[in-house]
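Visitor: quick check, what structure comes out for this input:
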Amino acid sequence: MKNYKSGTYINQGSYRSFQPEMISGNWVIDNMEVLNLLSQADRQLGRLDMYSEYIPNIDLFISMHVLKEATQSSKIEGTKTNIEEALLDKEDIAEEKRDDWEEVQNYISALNQAIEKLKELPFSSRLIRQTHSTLLSGVRGKHKLPGEFRSSQNWIGGASISDATFIPPIHSTINEYMGDLEKFAHDEENFFPELLKIALIHYQFETIHPFLDGNGRVGRLMITLYLVEKGILKKPILYLSDFFEKNRTLYYDNLMKVREKHDINQWFKFFLVGVIETAKNSISTFDKILKLQKDIEIRIQELGSRSANANMVVKHLYQFPVIQAQRVKEITGLSMPTVYKIIEGLEELKVLKEVTGGKRGKIYFFRAYIDLFKTN
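Guide: Numbering: from 1, shown residues only. As a prediction, this is how the structure comes out:
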């Protein structure tokens, strides 16, 4: 990597586009700091993956990881929906916030669908385009060719191309670049550690910027897809958007540092630190979930004959921690008077908290559980 060259700027008349070098081929790691961080990242990912195997009903908790990822990844792009708002139905969201809310919901759908499609499709341009189509369906980017690579020049930063921070390669080269990226992802002849591979793929994708809109979100989403497809994670439980959001300036600076100074090692180090920190935080979150589960199981026993039905409600809340009385009725099959008694009991035990303050259409949050995903 000593002689790594990220690419060159090409004069296109009124502007200069950046044409990156292809990435498929033989790579040699010669930086000890990168190797040290890679070792740590591998250990932490191994811990997280092993940990996930011993957590009962882990699929119940994945939806909240996905929801947090959706809000954080969208936040990087300027969307302001928080976790609590993302949990609500559209009609419960203020009119002026619904566009942001819909973008977050699309991200959740795009990620869930992509993970499901990995069972039949490899990590590929086709999968990426399908995911992009879902991401932009019916929202502000719907006129920007959802599911199609761009057929015109785009740029990053600046009010126009003349004062842009960065101008990606011309559109006529995108298919060639994405083909090279796909080849690199599945190259079994030239060994390269998978974590460094996806770090490089993410950098290259953001540099190519193949879509007119949604590149950042798709690029971050690809990280989890790759780790699952390669079997590094059995479940989709590692998401880096929270780390990128907290270190947003460094994130963009390190991407630009590769392009301007050919410093791929600094990008690798930043990416690996993100993996290490995020894996540790994910393990901490699972620890807190298990502790919360045990605590609530003990508390619910105070409800006596209502405890079995209350446990049914709580199991649902781990997957979707917002609820209304009608949903409790559907889960338990009980009459409304009994439903309200169960809700009242869960409120007294501080499992549920009513958030509307109204007399009708009450909405209850599983506050202690939601807060676990906000603090990490």
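Visitor: my read: Val218 touches Arg129, true?
Guide: No - checked against C-beta atoms under 8 Å, the pair Val218 and Arg129 is beyond contact range at 9.3 Å. Backbone N, C-alpha and C define where each C-beta goes, glycine included.
Visitor: of the two, who's got more company?
Guide: Val218 (24 against 18; other C-beta atoms under 10 Å).
Visitor: got the contact list for that one?
Guide: Ala110, Ile128, Thr131, His132, Leu135, Phe205, Phe211 (C-beta atoms under 8 Å, 6 or more residues apart in numbering).
Visitor: is it true that it lies in a strand?
Guide: No - going by DSSP: H, G, I helix; E, B strand; the rest coil, the assignment for Val218 is helix, not a strand.
Visitor: and the gap between it and Lys68?
Guide: From Val218 across to Lys68, the span is 18 Å (C-beta to C-beta, to the nearest Å).
Visitor: repeat that for Phe268.
Guide: Here Phe268 is placed at a distance of 25 Å from Lys68 (C-beta to C-beta).
Visitor: who's more crowded, these two?
Guide: Between Phe268 and Lys68, Phe268 has the larger neighbour count (other C-beta under 10 Å), namely 26 against 21.
Visitor: and the more buried one, what element?
Guide: Using DSSP states H and E, Phe268 sits in helix 264-300.
Visitor: quick one: mean pLDDT for that helix?
Guide: Regarding helix 264-300, the rounded mean pLDDT is 95.
Visitor: buried sites along that helix?
Guide: 264-279, 281-283, 285-286, 288-289, 292-293, 296, 299-300 (16 or more other C-beta atoms under 10 Å).
Visitor: how close does Ile342 sit to Lys117?
Guide: The spacing between Ile342 and Lys117, counted by C-beta to C-beta, is 38 Å.
Visitor: of the two, give the one with the bigger neighbour count.
Guide: With neighbours defined as other C-beta under 10 Å, Ile342 and Lys117 compare such that Ile342 has more, 23 against 15.
Visitor: need the contact list for that one.
Guide: Here Ile342 is in contact with Leu303, Arg306, Asn309, Ala310, Val313, Val328, Thr332, Leu334 (criterion: C-beta under 8 Å, 6+ apart).
Visitor: correct me if wrong: Ser74 contacts Glu103.
Guide: Yes - Ser74 is within contact range of Glu103, at 5.5 Å (criterion: C-beta under 8 Å).
Visitor: pull up the overlap in contacts between the two.
Guide: Residues touching both Ser74 and Glu103 (C-beta under 8 Å, 6+ apart) are Thr81.
Visitor: neighbour count for these two, which is higher?
Guide: Comparing Ser74 with Glu103 by other C-beta under 10 Å, the one with more neighbours is Ser74, at 27 against 24.
Visitor: per-residue pLDDT, that one?
Guide: If you check Ser74, the pLDDT there is 91.
Visitor: show me what contacts it?
Guide: Thr81, Asp100, Glu103, Val104, Tyr107, Arg217.
Visitor: do you know how far the second one is from Lys90?
Guide: With the distance defined as C-beta to C-beta, Asp100 ends up 12 Å from Lys90.
Visitor: ditto for Ile62
Guide: Ile62 sits 23 Å away from Lys90 when distances are taken as C-beta to C-beta.
Visitor: the more surrounded of the two?
Guide: Ile62 (16 against 9).
Visitor: and that one, what element?
Guide: Element membership for Ile62 (DSSP H and E) is helix 58-76.
Visitor: buried sites along that helix?
Guide: Buried, per 16+ other C-beta under 10 Å, within helix 58-76: 58, 60-62, 64-76.
Visitor: ok, now stretch 235-249?
Guide: Lys235, Pro236, Ile237, Leu238, Tyr239, Leu240, Ser241, Asp242, Phe243, Phe244, Glu245, Asn247.
Visitor: name the residues that touch it?
Guide: 45, 48-49, 52, 58-59, 62, 65-66, 68-69, 72-73, 75-76, 111, 115, 220, 223-225, 227-228, 251, 270-271, 274-275, 277-279, 281-282, 376.
Visitor: mind doing that once more with 7 Å?
Guide: 48, 52, 58, 62, 65, 68-69, 72-73, 75-76, 115, 220, 223-224, 227-228, 251, 274, 277-279, 282 (C-beta atoms under 7 Å, 6 or more residues apart in numbering).
Visitor: check stretch 274-293 too.
Guide: Residues outside stretch 274-293 that contact it (C-beta under 7 Å, 6+ apart) are 40-41, 44-45, 47-48, 51, 55, 61, 195, 237-238, 240, 242-244, 368-369, 372-373, 376.
Visitor: and if we set it to 8 Å?
Guide: 37, 40-41, 44-45, 47-48, 51-52, 55, 61, 65, 195, 237-240, 242-244, 247, 318, 368-369, 372-373, 376.
Visitor: cool, stretch 77-92 as well?
Guide: 67-68, 70-71, 74, 93, 97-98, 100-105, 108, 216-217, 320-322, 355, 363, 365, 370, 373-374.
Visitor: same question for that stretch, mean pLDDT?
Guide: Rounded mean pLDDT across stretch 77-92 is 91.
Visitor: how is the chain partitioned into domains?
Guide: Here the chain is described, according to automatic domain parsing, as comprising the domains 7-285, 301-375.
Visitor: if I look at the most centrally placed residue in the chain, how far off is Ile128?
Guide: For the chain, the residue nearest the mean C-alpha position is Glu69 (3.6 Å; C-alpha atoms, centre = their mean). Glu69 sits 17 Å away from Ile128, taking C-beta to C-beta as the criterion.
Visitor: now do Phe270
Guide: Distance from Phe270 to Ile128, by C-beta to C-beta: 23 Å.
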